[in-house]
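1. Below are the sequence and a predicted model; questions follow.
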Amino acid sequence: MSSPEQHVPQSGPTSGRGETHVRRARLAAVVALALLIGLLWFAISTVANDPVGLVFSFLSVFLVAFSVWFFLVRRGIVRVVVVPLALFALLALGTYGYDQKYMLVALVAMLVLFGLFARYAVRHQPVPLHDPIHARARSVQPAVRGVLIINPKSGDGKAERFQLPDEARKRSVEPILLSPGDDLCDLARRAIMNGARVIGMAGGDGSQALVATVAMEHDVPLVCVPAGTRNHFALDLGLDRDDVVGALDAFTDGVERRVDLASVNERVFVNNASLGVYARIVQCDEYRDAKLGTWKRMLPEMLGKDVDKGGLQFQTPQARDWSNATLVIVSNNPYQLRRLRGVGTRPRMDTGRLGIFATRMHNARSVAKLVTLGTIGQHRRFGGALQWSSVDFEIHSGAAVAVGLDGEALMLAPPLRFLSLPGALRVHVPRHAHGISPAHGAVPLTARNVWALARIAAGKPTIVPSQR
């Protein structure tokens with residue numbers, strides 16, 4: 001059973017380990033600030049030495065990215081028109097890079113090191129009680145009866161490699177192996193009916209969503225064990241995805257948080273639902289074994305002139321009707337979309353809102369432009385893209401809609417009604433986990449964040465402004 005609620009900072013000056021974290025955080029902040037001074041000096045020197053070359057190098061990067069995506073999503077002889085452009089851009093970039101090779105290497109190295117040290121300082125500083133994530137965590141007693149459901153096929157056999165059944169038994173947790181033909185939800189319900197007070201799932205995000213549904217229905221805490229392939233849910237809970245065994249400590253030495261879930265037509269998901277281009281590709285049988293090849297084969301067909309693009313209709317925040325969307329992503333809490341190499345991570349899991357991203361990409365040029373802008377964090381400049389948040393969202397269509405729900409391929413009957421389920425799930429995470437996602441722990445290079453690092457270096461804990 002859970003103990004009376006109390007705030008649980010992730011580190012603090014009350015213990016030897018906490019004091020060590022404080023000292024290391026202050027040292028990391030000092031190093032980050034020193035690197036920033038060096039970074040500014042090198043940047044000014046580079047611009048002063050060759051300002052015209054610097055501008056051309058940025059343009060060359062953009063042209064190379066644009067040309068590659070144009071070439072990938074078009075078919076026929078027309079796609080070779082970008083080859084001379086790409087070669088010219090590569091030549092220009094190589095010439096500038098050779099002239100400034102030492103300076104550029106130093107700049108990149110210092111920028112990477114600044115990010116690493118700044119992130120460490122933010123993650124390991126003493127956490128104030130008004131931190132919106134940690135202040136709502138509460139200490140819990142070891143599980144009276146814990147059950148761990150294990151999908152032995154997830155993550156190419158992670159359960160066997162990490163000996164999860166044996167590790168679970170060491171913590172007095174009963175392991176249950178998922179067999180072919182088993183209904184995961186039924187297994188979870190039977191475990192709870194048989195007395196499980198805490199239920200864990202070792203598997204991918206699709207499995208986490210199913211067990212989370214049952215845990216929500218019975219108000220039983222969930223332990224997420226990242227034994228899948230990508231484990232986005234675990235990442236946004238602030239777990240170390242490489243420490244699969246360490247996640248089991250949530251049963252014996254954990255803290256409890258309330259996080260949101262979301263649903264579409266009463267199907268619960270923990271991460272996101274993708275519709276349009278992505279959803280239609282994951283429906284393909286070959287996708288699991290050849291992801292890149294499937295994208296290259298199917299994307300030109302779906303963006304061809306003869307393809308019907310009017311399947312998805314919805315209303316925007318400005319009360320405008322939108323149609324012809326080729327990609328829609330609805331997420332459980334808004335993502336930080338700094339790059340479109342895939343969705344990013346979520347700064348918070350308890351905002352009580354859905355994140356919605358929609359775009360129109362009806363030809364190779366629009367795909368290339370959107371992806372290129374996305375790689376430099378400027379996807380909002382793409383005229384055919386919208387991004388907002390809402391407590392609910394509805395999509396209409398004239399036929400069944402292909403949906404990728406936490407990576408699982410589904411066909412759902414319209415209309416699709418999305419709802420945020422605020423605070424629906426109790427999760428237990430290990431006390432030693434830092435408990436924040438990469439988006440929450442990111443430290444963009446802004447004046448406010450530099451000031452926050454200065455406060456950490458001076459021993460004055462603060463919440464980095466960009467995390468709020």
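-> Sure, I can see it. Numbering: from 1, shown residues only.
2. tell me the mean pLDDT for stretch 326-343?
-> Mean per-residue pLDDT for stretch 326-343: 71.
3. how long is stretch 192-212 from one end to the other?
-> For stretch 192-212, the separation between the terminal residues is 12 Å (C-alpha to C-alpha, to the nearest Å).
4. Using neighbour counts, pick out the buried residues of that stretch.
-> Buried residues in stretch 192-212, defined by neighbour count with 16 or more other C-beta atoms under 10 Å: 192, 196-212. Every C-beta, even on glycine, is put in place using the N, C-alpha and C of the backbone.
5. And for stretch 236-249?
-> Buried residues in stretch 236-249, counted by 16+ other C-beta under 10 Å: 236, 237, 238, 239, 243, 244, 245, 246, 247, 248, 249.
6. before we move on, what about stretch 82-92?
-> Buried-residue list, stretch 82-92, by 16+ other C-beta under 10 Å: 82, 86, 89, 92.
7. can you put those in a markdown table and add distance to residue 181?
-> Converted to a markdown table, the buried residues of stretch 82-92 look like this (distance: C-beta to C-beta, whole Å):
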| residue | distance to residue 181 |
| --- | --- |
| 82 | 50 |
| 86 | 51 |
| 89 | 54 |
| 92 | 59 |
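8. Could you dump these into JSON lines and include distance to residue 404, secondary structure and pLDDT?
-> Output for the buried residues of stretch 82-92, formatted as JSON lines (distance: C-beta to C-beta, whole Å; DSSP: H, G, I helix; E, B strand; the rest coil; pLDDT from 0 to 100):
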{"residue": "82", "distance to residue 404": "30", "secondary structure": "helix", "pLDDT": "72"}
{"residue": "86", "distance to residue 404": "31", "secondary structure": "helix", "pLDDT": "75"}
{"residue": "89", "distance to residue 404": "34", "secondary structure": "helix", "pLDDT": "73"}
{"residue": "92", "distance to residue 404": "39", "secondary structure": "helix", "pLDDT": "71"}
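9. So for stretch 33-41, what gets flagged as buried?
-> Going by neighbour count (16+ other C-beta under 10 Å), the buried part of stretch 33-41 is 33, 35, 36, 39.
10. average pLDDT across that stretch?
-> Per-residue scores along stretch 33-41 average to 85.
11. any idea which helix is longest in the protein?
-> Counting by DSSP state H, the longest helix found in the chain is helix 16-49.
12. Straight-line length of stretch 210-229, end to end?
-> Start and end residues of stretch 210-229 are separated by 17 Å (C-alpha to C-alpha).
13. about what we covered before: which strands or helices does the longest helix of the chain pack on?
-> On a contact count with 3 or more C-beta pairs under 8 Å, 6 or more residues apart in numbering; DSSP states H and E, helix 16-49 meets helix 101-124, helix 447-457.
14. If you count neighbours, what's buried in that helix?
-> In helix 16-49, the ones that count as buried by 16+ other C-beta under 10 Å are 18, 21-22, 25-26, 28-33, 35-36, 39, 42, 46.
15. quick check, nearest of the residues you listed to residue 164?
-> If you rank the buried residues of helix 16-49 by distance to residue 164 using C-beta to C-beta, residue 21 comes first, at 28.8 Å.
16. closest to residue 144 out of the helices and strands packed on helix 16-49?
-> It is, among those and with distance given as C-beta to C-beta, helix 101-124, at 31.8 Å.
17. Could you figure out how far that closest one is turned away from helix 447-457?
-> Per axes from the mean of the first three to the mean of the last three C-alpha atoms, to 10 degrees, the angle that helix 101-124 makes with helix 447-457 is 60 degrees.
18. Name the strands paired with the following helix or strand past helix 101-124 and say parallel or antiparallel.
-> Next helix or strand after helix 101-124 toward the C-terminus (DSSP states H and E): strand 138-139. In the sheet, strand 138-139 lines up against strand 254-264 (antiparallel) (DSSP bridges).
19. quick revisit: what's the least confident stretch among the helices and strands packed on helix 16-49?
-> Ranked by mean pLDDT, these bottom out at helix 101-124, with a mean of 74.
20. What is it packed up against?
-> Using 3+ C-beta pairs under 8 Å, 6+ apart: helix 101-124 touches helix 16-49, helix 438-441, helix 447-457.
21. From the recorded domain assignment, give the ranges for the protein.
-> If you go by automatic domain parsing, the domain ranges for the chain are 16-132+444-467, 144-252, 272-421.
22. so residue 417 makes contact with residue 264?
-> Yes - at 6.9 Å, residue 417 and residue 264 qualify as touching, with contact defined as C-beta atoms under 8 Å.
23. So which of these two has more stuff around it?
-> Between residue 417 and residue 264, counted using other C-beta atoms under 10 Å, residue 264 has the larger neighbour count: 23 against 13.
24. re the thing from before, a markdown table please, covering the buried residues of stretch 236-249 and showing secondary structure.
-> Output for the buried residues of stretch 236-249, formatted as a markdown table (DSSP: H, G, I helix; E, B strand; the rest coil):
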| residue | secondary structure |
| --- | --- |
| 236 | helix |
| 237 | coil |
| 238 | coil |
| 239 | coil |
| 243 | coil |
| 244 | coil |
| 245 | helix |
| 246 | helix |
| 247 | helix |
| 248 | helix |
| 249 | helix |
